[in-house]
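Enquirer: Next input, structure requested:
(2 chains)
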Amino acid sequence: MSAPAEVLAVRGLTKRFPGVLALDDVTFTVRPGEVHALVGENGAGKSTLIKVLTGVYQPDQGELRYRGEPAVFGTPLRAQQAGISTIYQEVNLVPLMSVARNLYLGREPRTRLGLIDFGRMHREAERVLGDYGVRVDVRQPLRHLGVGAQQMVALARAVSVNARVVIMDEPTSSLEPREVETLFGVIRRLREQDIAVVYVSHRMEELYAVCDTVTVLRDGRHVHTGPLAETDRLTLVSLMLGRPLGEVGRQTTATPAGDHDGEPVLHAEGLTRPHQLRDVSLRIHPGEVLGLGGLLGSGRSETAKAIAGALPVTGGSVTVAGISVRTGSTPAAIRAGISLLPEDRKAEGIVPGLSVRENIALAALPRLSRFGLVHEARVDAVVETFMKRLRIKASSPHQKVGELSGGNQQKVLLARWLAMHPKVLLLDDPTRGIDVGAKAEVQKLIDELAEQGLGVLLISSDVEELISGSDRVVVLKDGAVVAELSGDDVTEDRLMRAIAAPTTAPDDTSPTIPTSPTSAEEAAVHGH
Amino acid sequence: MTVLKVRPPAVTPAARTEAGTNRGERLSALAQQHGALVALVLLAAVASLSFDSFATGDNIENMALSSAFLAIVALGMTFVIITGGIDLSVGSVFVLGGVLAAWGSRHGTLVALLLPLAGCGLIGLVNGVLIARTRMAPFIVTLASMLAARGVMLNITDEGATTYLVDKNSLFIRLGQDELLGIGIPVWITVVLFVAGAVVLRRTRFGQHVYAVGGNEDAAALMGAPVARTKIIVYTLSGLLAGLAGALNAAWLASGVTILGFGMELDAIAAVVIGGTLLTGGLGFISGSLVGVLLLKVIQNIINQVGSLDSAYQQVVSGGFLVLVVIAQTWLGRRQQVI
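Expert: Below is the predicted model:
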């Protein structure tokens, strides 16, 4: 096979950040006219790799070659001028300016007087965008367009500035099925023009629909590269998750599911949010740990946030111990007894400059105060209780949380929410980024909390942790529940099969109402 | 052998049609652009019906002349605000420009014109370079240069004790006091500058860059717009125009007055915002700023006409008007974004 020369290649790429080895000896090559899927879970290093390719980061080690020559891109602009364009999830255009001006900014057609020739610019913009299936008034501000159309404008701009490589970072995350089809059409045309496409997505269906080659990254390492047609879904999922196929059984003796009959402590029904959640329903019984499985971007965090009121939903209901909770309101959810330990504890959780004591008491202050004055003795009592119970290692309650280890920071957050006496605890990747010893301790804590009668929802990017820590697992894919594993089915193998199972392709054009879960046909997939 | 239940995911609702060109939204965009003009016309109509002395040639000419200087300052401010910045130094620079012009007029008309332009342009350039290169906040940088310009002015005038007069027979004074077709020269200059400003902003690449930098600086940089250069140019322009306005004002008053003009930056900002330019940048109109200036002047004039009202109330009314405009902008902006 006479493979065309690579247009873009990195070899032996290593990139370190303080405390993290983001990329470790990664090799990645793209040929002209190839649509190359780049996949991997949280922390796999995809975004770091993209940022190195586009000049945002400089590699610590390794070589970047572009069109056969060693290349150094100091800035994204340099990379773009050389012919490497990136289409981000967040459209990188100027929303207040007109569509045509966005398309031609910096290279506007001009009259002999040096003034911009708007007549020509508008005509050309209409023609160019027409090729991308976007038929709009190009004089209107860009923000008046739907996200899909905006993305097409970004794409049209990228390609018309002579791109050789177009990198698409989850381009379909906010597109309608019809728009996805248009995008695929454009990608196929790029392929015919010998333009290389690097396609980052978590949606299995899309990968198999447009990509030729796939590269899998995991924990900053290159795991696999090969023709996508020769890599079946199950293999791909197991490569991404880093778990071998056919592994049987569960590692721990979690409480059998049979113990959890009776009234659920949490009942979420039909949670829906455009582009993110489709009719997600789940129940958690007191004392039960419900795992939420699925790939990155499947809607796991969104489900937890929707339940906790942190993400408004367009449909669905949440009930705690039989009492209905107003959705889209965090205070209402907290009052009802729902606590969410967010995924990004730095951005959404701890206040590093405050002490352990202040961080723990933060959410519970209204309960610990009278007439607006904080009852100091009661705060001390609560803080002491939880520091002991969660075994928080700090020199004193007055040590700054920023000085603690990741695991202890996570425990402080946990203590904050436990001080609210929740009935339901939603844990979004609670052990991410903390060391092995602390990890085991947090996992043990979760079990203890469940034994004390809490309902726990566990999200984890670590499949082993998810399987061993959960009594039941609900599997999400593209924002919808695709399977539920219970009893002996709670195994890594089953989980991966459920994730890899092809979804019935959503109808592209029909304007039908979402299928309700009760009327949905139940397909059966046989294990083994 | 066990069976896994697999549910096909529900189909998303039909694709939302291409959002956008509905009527409500067009209306709110129109209100954003022309709200101030409508207010100006209404106010002027009411005033000319209520006060006999409002719609007289003398009064209108007076308003036009006194608007001219603020308008020139507001023109530069419009560019600055569209890039998402602010220029607090223009009031002090305006005063400094007047003093430099009056001082320089002793050495001829050319010096009287070029000295303030050079001095004030330099202050603007320094503002721009500091803001663009060191990424300091425009608020802080121009606050500092506002103090600096005031210091220089006080130094030249011996703490304000010396007022330089412009020679009554010089050519320079005619720039401020002569008329062409019955309209004062400063008004003509203002009109020419606004037409030129509008062409530059709407029809040149530089103008596009001004909008792009204010609309989304990161995207503008990625799209190859010279972000730093654009910022340096707009602050230099703002300093130049403030200096020119000060010089013309000195010619009109025949002296480098050291007290009038401080605080003018706030009037200029108010006029620009009332004229429909977003204080957050990315959206704005040259013509709107002119309307904003006229609106402020008409309010002032009306309050002067109502003899019983203390002229200090002008500030209260202008301030109230500004608040209304900003509330309306926020509301309109929100309406335009909910699509």
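Enquirer: Please make it C-alpha for all contacts and neighbour counts, starting now.
Expert: Noted.
Enquirer: Correct me if wrong: residue A:116 contacts residue A:110.
Expert: Yes - contact between residue A:116 and residue A:110 holds when scored by Cα atoms under 8 Å: they sit 4.3 Å apart.
Enquirer: neighbour-wise, which of those two wins?
Expert: Here residue A:116 and residue A:110 are compared on neighbour count by other Cα atoms under 10 Å in any protein chain shown; more neighbours surround residue A:116, at 22 against 16.
Enquirer: which residues sit in contact with that one?
Expert: For residue A:116, the residues meeting the contact criterion (Cα atoms under 8 Å, 6 or more residues apart in numbering or on different chains) are A:108-110, B:203-205.
Enquirer: thought residue A:84 was touching residue A:55?
Expert: No - taking contact to mean Cα under 8 Å, the distance of 9.5 Å between residue A:84 and residue A:55 leaves them out of contact.
Enquirer: Those two: which is more packed in?
Expert: Relative neighbour count places residue A:84 above the other of residue A:84 and residue A:55, with 26 against 20, counting by other Cα under 10 Å.
Enquirer: Residue A:50 versus that one, what's the distance?
Expert: Using Cα to Cα, to the nearest Å, we find residue A:84 at a distance of 11 Å from residue A:50.
Enquirer: any shared contact partners between the two?
Expert: Residues touching both residue A:84 and residue A:50 comprise residue A:167, with contact defined as Cα under 8 Å, 6+ apart.
Enquirer: And the host helix or strand of residue B:301, what's buried?
Expert: When secondary structure is defined by DSSP states H and E, residue B:301 falls within helix B:286-305. For helix B:286-305, a neighbour-count test (16 or more other Cα atoms under 10 Å in any protein chain shown) marks B:286-305 as buried.
Enquirer: what's the answer for stretch B:139-148, then?
Expert: By 16+ other Cα under 10 Å, the buried positions in stretch B:139-148 come out as B:141-143, B:145-146, B:148.
Enquirer: same check, this time on stretch B:104-119
Expert: Along stretch B:104-119, these residues count as buried under the neighbour rule (16+ other Cα under 10 Å): B:104-105, B:109, B:111-119.
Enquirer: now, which of those residues lie close to chain A?
Expert: When contact is defined as Cα under 8 Å from any Cα of the partner chain, those do not meet chain A at all.
Enquirer: what's the farthest-apart pair in those residues?
Expert: Of all pairs drawn from the buried residues of stretch B:104-119, the one with the longest distance (Cα to Cα) is B:109 and B:119, at 15.8 Å.
Enquirer: just the helices in the stretch 1-150 of chain A please.
Expert: Taking DSSP state H, counting those that start in this stretch as the test, the helices found in the stretch 1-150 of chain A are A:46-53, A:76-82, A:99-104, A:118-131, A:147-160.
Enquirer: Tell me how many other residues surround the residue of the stretch 101-250 of chain A found nearest chain B.
Expert: Evaluated by Cα to the nearest Cα, the stretch 101-250 of chain A has residue A:144 as its residue closest to chain B, separated by 4.6 Å. Neighbour count of residue A:144, defined by other Cα under 10 Å: 25.
Enquirer: before we move on, what about the one 10 residues further on?
Expert: Residues near residue A:154, counting by other Cα under 10 Å, number 22.
Enquirer: now do residue B:52
Expert: One way to gauge burial is a neighbour count; for residue B:52, by other Cα under 10 Å, it gives 10.
Enquirer: Same check on residue A:69?
Expert: The criterion is other Cα under 10 Å. On that basis, residue A:69 has 11 neighbouring residues.
Enquirer: mind pulling up the phi and psi values for the residue most central in space within chain B?
Expert: Within chain B, the residue whose C-alpha comes closest to the C-alpha centroid is residue B:74; the distance, by Cα atoms, centre = their mean, is 2.1 Å. Dihedral angles of residue B:74 (phi, psi; degrees, to the nearest 10) stand at phi -70, psi -30.
Enquirer: Check what pLDDT it gets.
Expert: Among the per-residue scores, residue B:74 holds a pLDDT of 95.
Enquirer: Same check on residue A:54?
Expert: The pLDDT attached to residue A:54 in the predicted structure is 86.
Enquirer: Show the contacting residues for it.
Expert: By Cα under 8 Å, 6+ apart, the residues touching residue A:54 are A:73, A:75-76, A:79-80, A:84-86.
Enquirer: picking that back up, residue B:289 is in contact with the residue nearest to the centre of chain B, correct?
Expert: Yes - look at residue B:74 against residue B:289 with Cα under 8 Å: they come within range, at 6.5 Å.
Enquirer: who touches both of these two?
Expert: With contacts defined as Cα under 8 Å, 6+ apart, the residues adjacent to both residue B:74 and residue B:289 are B:271-272.
Enquirer: so residue A:271 is in which element?
Expert: In this assignment (DSSP H and E), residue A:271 forms part of strand A:266-273.
Enquirer: which strands and helices sit next to that strand?
Expert: The elements that strand A:266-273 packs onto, with contact taken as 3 or more Cα pairs under 8 Å, 6 or more residues apart in numbering or on different chains; DSSP states H and E, are strand A:277-284, helix A:300-307, strand A:315-320.
Enquirer: could you pull out the strands for the stretch 1-150 of chain B?
Expert: All strands of the stretch 1-150 of chain B, identified by DSSP state E, counting those that start in this stretch, fall at B:3-6.
Enquirer: so where's it uncertain?
Expert: Under the criterion pLDDT under 70, the flagged ranges of the stretch 1-150 of chain B are B:1-26, B:28-29, B:32.
Enquirer: Would you map the helices across it?
Expert: Taking DSSP H, counting those that start in this stretch as the criterion, the stretch 1-150 of chain B carries its helices at B:23-50, B:57-82, B:90-104, B:109-134, B:138-156.
Enquirer: which one of the ones you listed is the most hemmed in?
Expert: Neighbour counts averaged per stretch over the helices of the stretch 1-150 of chain B are highest for helix B:90-104, at a mean of 32; criterion: mean count of other Cα atoms under 10 Å in any protein chain shown.
Enquirer: got the contact list for the spatially most central residue of chain A?
Expert: Closest to where the C-alpha atoms of chain A average out (Cα atoms, centre = their mean) is residue A:297, at 3.8 Å. Contact partners of residue A:297, counting by Cα under 8 Å, 6+ apart, are A:202, A:478-479.
Enquirer: Would you convert these into JSON lines that also reports pLDDT and neighbour count?
Expert: Output for the contacts of residue A:297, formatted as JSON lines (pLDDT from 0 to 100; neighbours: other Cα atoms under 10 Å in any protein chain shown):
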{"residue": "A:202", "pLDDT": "79", "neighbour count": "22"}
{"residue": "A:478", "pLDDT": "85", "neighbour count": "23"}
{"residue": "A:479", "pLDDT": "87", "neighbour count": "26"}
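Enquirer: And these, which is closest to residue A:292?
Expert: The shortest distance between residue A:292 and any of the contacts of residue A:297, using Cα to Cα, involves residue A:479 and amounts to 11.7 Å.
Enquirer: Would you quantify the distance from that closest one to residue A:240?
Expert: Between residue A:479 and residue A:240 the distance, using Cα to Cα, works out to 19 Å.
Enquirer: cool, residue B:136 as well?
Expert: 44 Å.
Enquirer: Residue A:156 now?
Expert: Distance from residue A:156 to residue A:240, by Cα to Cα: 32 Å.
Enquirer: same question, residue A:184
Expert: Residue A:184 is 24 Å from residue A:240, where distance means Cα to Cα.
Enquirer: Could you check which of those two is surrounded by more residues?
Expert: When residue A:184 and residue A:240 are compared for neighbours, residue A:240 comes out ahead with 22 against 16, by other Cα under 10 Å.
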